[in-house]
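Novice: Here's my sequence, what's the structure:
(one chain, ligands or ions: 1)
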Amino acid sequence: MAEELRAAQHEIDMFIRLIPLITLVDNSAANYRRAKDDEGVHSVVTDSSDRYIRFPTRSSEFTTIRVQAATELCSVGEQPFSGKLDPQDQKIVDVEELVNLCTGIEEACVGFAKFNFFQIVDATDNFSENRIVGWGGFGTVYKGHLPSGLTVAVKRVDEHATIFGFKSELQLAKLHHTNLIRLLGWCIHQKERALVYEFMNNSSLDRHIYGTFSLRS
Ligand SMILES: Nc1ncnc2c1ncn2[C@@H]1O[C@H](COP(=O)(O)OP(=O)(O)OP(=O)(O)O)[C@@H](O)[C@H]1O
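Specialist: Residues are numbered from 1 along each chain as shown. Okay, the predicted model is just below:
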């Protein structure tokens, strides 16, 4: 009898020791499910708070590292990028950083200038459809006329386009070559982002090669 009681006591002790382990496994499973449900993005839960790291489903996308309320953007495998994201819709909200970048380039590059938004509106006839000359990966391109008589191409960046396309186009400001289109200026006004280029009258290379229909007015 005493032997049986000891065995029962031993089993109860074992069970009590297992309870924390079972709870831990259960929490991890719940957190993993919660992270997986988050916008269909692969996630890894780092602890039981709302700290987690989300990985993209495609390698070309960004990794979002969220530590509680703060969200930062970085390319896969890189250090977090300093631009901040609006956690609601993942839009870039740190316009200040872009303005600083443009201003810096403006100071360093002769012929690259800031345009007032109203100059852009005037030049493109308020982004008239008749002025559209093409669409690119991150915006619509309009033919514009400046008061000086210069004809320009105004690239109006889509509201939802990321900061990266804009940043890489800015590199053009540093390059001056007869075979390269000149980047003449920039404009950032509230949600609007635009780049101003010299207008290339002879249309794009693919139109020369394939002779496709031109929208140019
Ligand atoms: N400086 C320019 N002068 C005249 N037309 C232009 C000029 N820049 C762009 N376009 C027209 O607008 C179209 C879109 O140009 P954009 O540079 O936005 O995109 P892309 O070079 O085709 O692609 P991506 O955005 O991926 O670089 C071009 O195909 C061209 O027809």
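Novice: ok, whatever residue of the chain ends up closest to the ligand - how many residues close by?
Specialist: Going by C-beta to the nearest ligand atom, the ligand is nearest to residue 136 of the chain, at 1.9 Å. (C-beta placed from N, C-alpha, C; glycine too.) Residues lying near residue 136 (other C-beta atoms under 10 Å) number 13.
Novice: Okay, and the beta partners of the nearest residue to it once chain neighbours are set aside?
Specialist: Among residues not flanking residue 136 along the chain, residue 155 sits closest, at 6.8 Å (C-beta to C-beta, 6 or more residues apart in numbering). Under DSSP bridges, the beta-bridge partners of residue 155 are residue 141, residue 195.
Novice: I'd say the residue of the chain closest to the ligand and residue 154 touch.
Specialist: No: Residue 136 is not in contact with residue 154 according to C-beta atoms under 8 Å; the separation is 12.0 Å.
Novice: What average pLDDT does the helix or strand harbouring residue 7 get?
Specialist: Element membership of residue 7, judged by DSSP states H and E, is helix 2-37. The pLDDT scores in helix 2-37 average 59.
Novice: now swap in stretch 155-163 and tell me
Specialist: Per-residue pLDDT values over stretch 155-163 give a mean of 87.
Novice: Of all the residues in it, which ones are buried?
Specialist: Residues of stretch 155-163 classed as buried by neighbour count (16 or more other C-beta atoms under 10 Å): 155, 156, 157, 161, 162, 163.
Novice: Next, see if stretch 120-129 gets close to the ligand.
Specialist: No: on the criterion C-beta under 6 Å from any ligand atom, stretch 120-129 is out of touch with the ligand, staying 12.9 Å away.
Novice: Residues of the chain that sit close to the ligand?
Specialist: So far as C-beta under 6 Å from any ligand atom goes, the chain lies against the ligand at 133-139, 141, 153, 155, 181, 197, 199-200, 204.
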